[in-house]
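Asker: Kindly return the folded structure for what I paste below:
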Amino acid sequence: MNEHGRSVLLVEDDPNDQLLIKRAASRVGCGDALHIVPDVPAAISYLRGSGEFSDRTKCPFPDYVITDLRLPGLDGFALLSAVKGNPAWETLPIIVLSSSDSPRAVAESYRLRAAAYFSKPHDLGSLELLLKDIFSYWDRATTAAGAGYAPFDPPKKSIAA
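Answerer: Here you go, the predicted structure:
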């Protein structure tokens, strides 16, 4: 969690992108907010709080998810479908951060109810600025109604996706 008590789930399979995003998030003061998983099955397990993610003090339910689209096996569209199709998670904001700037990918992401879509910047400085904006916006958005408010009610127990 970061200094605001926020938790962000990052779904990214590329170790280089994981490192770059973690470094950029740390430089803008939000590195501790990130919890990184490499694929959709791990993301679903994280959201369920199952297996290695069962300790919610170490793996808190996220305030929002940042995901790549190009993932091994199930892609980011599958994650959007699974989360938005689950009544317990359907209001969880999912932000797409992808190397693709294809109009089809953007349109499909929004059709599947992504909260936002961003193309991955090519340099650390631009990534820092983008993450600073994302963290700032979502910190304000999820605390709009006062301390502790979140636009969703995290599940109290494991829920099948």
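Asker: can you pull the contacts of L9?
Answerer: By C-beta atoms under 8 Å, 6 or more residues apart in numbering, the residues touching L9 are H35, V37, A43, Y46, L47, P62, Y64, V65, I66. No exception for glycine: its C-beta is placed from N, CA and C like everyone else's.
Asker: I'd say the second one and A43 touch.
Answerer: I take that to be V37. Yes. Contact criterion C-beta atoms under 8 Å: V37 and A43 qualify, at 5.1 Å.
Asker: tell me, what's touching these two both at once?
Answerer: Counting by C-beta under 8 Å, 6+ apart, the shared contacts of V37 and A43 are L9, V11.
Asker: So which of these two has more stuff around it?
Answerer: In this view V37 and A43 are compared by other C-beta atoms under 10 Å, and A43 has more residues nearby, 28 against 24.
Asker: what's the host helix or strand of P41 in contact with?
Answerer: Assessed by DSSP states H and E, P41 sits inside helix 40-48. Outside helix 40-48, the residues that touch it by C-beta under 8 Å, 6+ apart are 9, 11, 35, 37, 51-53, 59, 61-62, 65, 67, 71, 73-76, 78-79, 82-83, 89, 92, 155, 158-161.
Asker: The very next helix or strand once past that helix pairs with which strands?
Answerer: Following the chain from helix 40-48 toward its C-terminal end, the next helix or strand by DSSP H and E is strand 64-67. Paired neighbours of strand 64-67 in the sheet (DSSP bridges): strand 8-11 (parallel), strand 94-98 (parallel).
Asker: of the contacts of helix 40-48, buried ones?
Answerer: With burial judged by 16 or more other C-beta atoms under 10 Å, the buried subset of the contacts of helix 40-48 is 9, 11, 35, 37, 53, 59, 61-62, 65, 67, 71, 75-76, 78-79, 82-83, 89, 92, 161.
Asker: quick one, what contacts the residue nearest to the spatial centre of the chain?
Answerer: The structure's the chain has its C-alpha centroid closest to V65; by C-alpha atoms, centre = their mean the separation is 1.5 Å. By C-beta under 8 Å, 6+ apart, the residues touching V65 are V8, L9, L10, V11, A43, L79, V83, L92, P93, I94, I95.
Asker: Which one of those residues is nearest to D139?
Answerer: V8 (10.0 Å; C-beta to C-beta).
Asker: So for the closest one, what pLDDT did the model give?
Answerer: Among the per-residue scores, V8 holds a pLDDT of 94.
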